[in-house]
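Trainee: just a sequence and a predicted model for now, questions to come.
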Amino acid sequence: MAKNSNKKIVSYIISILLTIISAIIMAIGVKIFVSPNRFLSTGVTGISLIIGRIIDNIFDKHLETIITGICLFLFNIPLLILAWKKLSHRFTILTAINVIVNSICLTLLPDNLAEKLNLSVEFGNISFLSAALFVGMMNGAANALAYIVGGSTGGVDILSMFYSIRKQFSIGRITTAINGIIILIGLFIDGQELAIAKAFYTMIYLVISSIVIDIFFIRNKRVVLLITTQKGNEIAHEITNQFIRGVTILDARGGYTGEHKDFLYCACSSFEVIEIIKKVKEIDEHAFVSAIEANKVHGNFLNKELR
């Protein structure tokens with residue numbers, strides 16, 4: 001019991017550290033590439049950037065990222081409350097840490113960070129295309145890292161996760177429409193002559209970000225596990241109690257040996273596959289396990305992507 005408790009504590013600490021790294025990467029991307037090059041963004045970050053950019057244009061005091069950080073924190077408060085009440089406490093805590101660290105970094109990091117690191121488009125160190133590619137990779141890596149440890153970067157991610165968990169579908173079309181409106185509004189803050197160029201480079205970095213996320217993280221996928229074992233009852237009991245997943249046990253017979261086997265059928269989420277297989281191997285090291293991706297699972301399937 002003590003070993004399991006220590007493992008959970010260490011795992012939680014690692015998750016927090018990776019969440020902090022994710023937030024720092026996200027903030028640095030905004031400071032170095034998005035803000036100086038007047039790129040746009042989506043979701044709550046996009047709205048915060050627009051507000052920060054408008055205030056910066058009015059007062060001309062280099063307030064864009066400071067206001068963006070403050071707005072990012074304030075806009076996420078009601079969403080974090082929703083996550084705490086309707087989703088996972090662990091997910092909410094990690095997301096809150098991400099949002100807070102991101103907001104602090106946006107507020108405290110120097111505005112000339114790109115110039116200090118020789119990554120300024122203005123001074124000819126890199127091109128707009130390179131900046132878009134770099135920030136796309138950074139943004140995608142930051143998001144994927146936050147998802148992998150069981151949290152998110154906040155904002156629309158919370159709403160997407162809520163509908164995905166509760167309804168077994170994503171709100172991709174809705175968020176795409178919202179993000180489209182945000183980008184359209186943001187396009188003309190600096191004048192119409194820059195609108196097309198900003199839209200082009202913004203789309204490049206958003207597409208690259210999505211590709212990187214898909215490479216490292218698959219969200220909301222169902223997997224069917226087919227397990228052949230001699231310890232079916234023990235494995236079924238462990239899966240049912242530890243992972244809260246239903247298991248169907250069928251009688252089977254080895255085609256070569258003719259020996260009796262238990263054949264287990266279990267539907268779970270992609271998050272749980274590695275842990276379930278690890279537990280199966282602990283009980284029966286000779287168990288044969290196949291994992292098959294399922295497009296849709298009907299019935300009383302419990303969405304538990306949030307740990």
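Mentor: It's in. Residues are numbered from 1 along each chain as shown.

Trainee: ok, residue 34 to residue 22 distance?
Mentor: Distance, residue 34 to residue 22, using C-beta to C-beta, to the nearest Å: 16 Å. Every residue, glycine included, has its C-beta placed from N, CA and C.

Trainee: one more: residue 155?
Mentor: Distance from residue 155 to residue 22, by C-beta to C-beta: 14 Å.

Trainee: neighbour count winner among these two?
Mentor: With neighbours defined as other C-beta atoms under 10 Å, residue 155 and residue 22 compare such that residue 22 has more, 27 against 23.

Trainee: name the element that one belongs to?
Mentor: helix 2-29 (DSSP states H and E).

Trainee: and that helix, average pLDDT?
Mentor: The pLDDT scores in helix 2-29 average 84.

Trainee: from the chain's centroid, how far away is that helix?
Mentor: Centroid separation for helix 2-29 versus its chain: 14 Å, with C-alpha atoms, centre = their mean, to the nearest Å.

Trainee: which of the residues in the following helix or strand past it are buried?
Mentor: Per DSSP H and E, the first helix or strand lying C-terminal to helix 2-29 is helix 43-59. By 16 or more other C-beta atoms under 10 Å, the buried positions in helix 43-59 come out as 43-53, 55-56.

Trainee: show me where this protein has helices.
Mentor: 2-29, 43-59, 64-86, 89-108, 113-116, 128-148, 156-167, 172-187, 195-216, 232-242, 273-283 (DSSP state H).

Trainee: doesn't residue 42 make contact with residue 183?
Mentor: Yes - because the distance of 6.9 Å satisfies C-beta atoms under 8 Å, residue 183 is recorded as touching residue 42.

Trainee: neighbour count winner among those two?
Mentor: Neighbour comparison, residue 183 and residue 42: the larger count goes to residue 42, with 22 against 19 (by other C-beta under 10 Å).

Trainee: ramachandran angles for that one?
Mentor: phi -120, psi 170 (degrees, to the nearest 10).

Trainee: which residues does residue 119 contact?
Mentor: Taking C-beta atoms under 8 Å, 6 or more residues apart in numbering, we find residue 119 in contact with 32-33, 125-126, 131, 134.

Trainee: again, only this time at 7 Å
Mentor: 32, 125-126 (C-beta atoms under 7 Å, 6 or more residues apart in numbering).

Trainee: neighbour-wise, which of those leads?
Mentor: residue 32 (24 neighbours).

Trainee: isn't it up against residue 113?
Mentor: Yes - counting by C-beta atoms under 7 Å, residue 113 is a contact partner of residue 32 at 5.5 Å.

Trainee: tell me which residue lies nearest the centroid of this structure.
Mentor: residue 147 (3.2 Å; C-alpha atoms, centre = their mean).

Trainee: contacting residues for the spatially closest residue to it that is not a sequence neighbour?
Mentor: Leaving aside its sequence neighbours, residue 147 sits nearest to residue 217 (C-beta to C-beta, 6 or more residues apart in numbering; 4.7 Å). The neighbours of residue 217, taking C-beta under 7 Å, 6+ apart as the test, are 144, 147-148.

Trainee: in the top strand by length along the chain, what's buried?
Mentor: Assignment by DSSP state E gives strand 260-269 as the longest strand of the chain. Residues of strand 260-269 classed as buried under the neighbour-count rule (16+ other C-beta under 10 Å) are 261-264, 266-269.

Trainee: let me see the domain layout of this structure.
Mentor: 2-216, 222-294 (automatic domain parsing).

Trainee: would you agree residue 287 is in contact with residue 277?
Mentor: No - using C-beta under 7 Å, residue 287 is not in contact with residue 277; the gap is 8.8 Å.

Trainee: of these two, which one has the most company?
Mentor: residue 287 (20 against 15).

Trainee: buried residues in stretch 244-261, which are they?
Mentor: 245-247, 249, 261.

Trainee: off-centre distance for stretch 244-263?
Mentor: 37 Å.

Trainee: straight-line length of it, end to end?
Mentor: Separation of the first and last residues of stretch 244-263 by C-alpha to C-alpha, to the nearest Å is 19 Å.

Trainee: tell me the spacing between the residue of the chain positioned farthest from its centre and residue 277.
Mentor: In the chain, residue 258 marks the outermost C-alpha relative to the chain mean, sitting 46.6 Å out by C-alpha atoms, centre = their mean. Separation of residue 258 from residue 277 (C-beta to C-beta): 27 Å.

Trainee: parallel or antiparallel, list what pairs with the longest strand of the chain.
Mentor: Within its sheet, strand 260-269 is paired with strand 222-229 (antiparallel), strand 248-253 (antiparallel), according to DSSP bridges.
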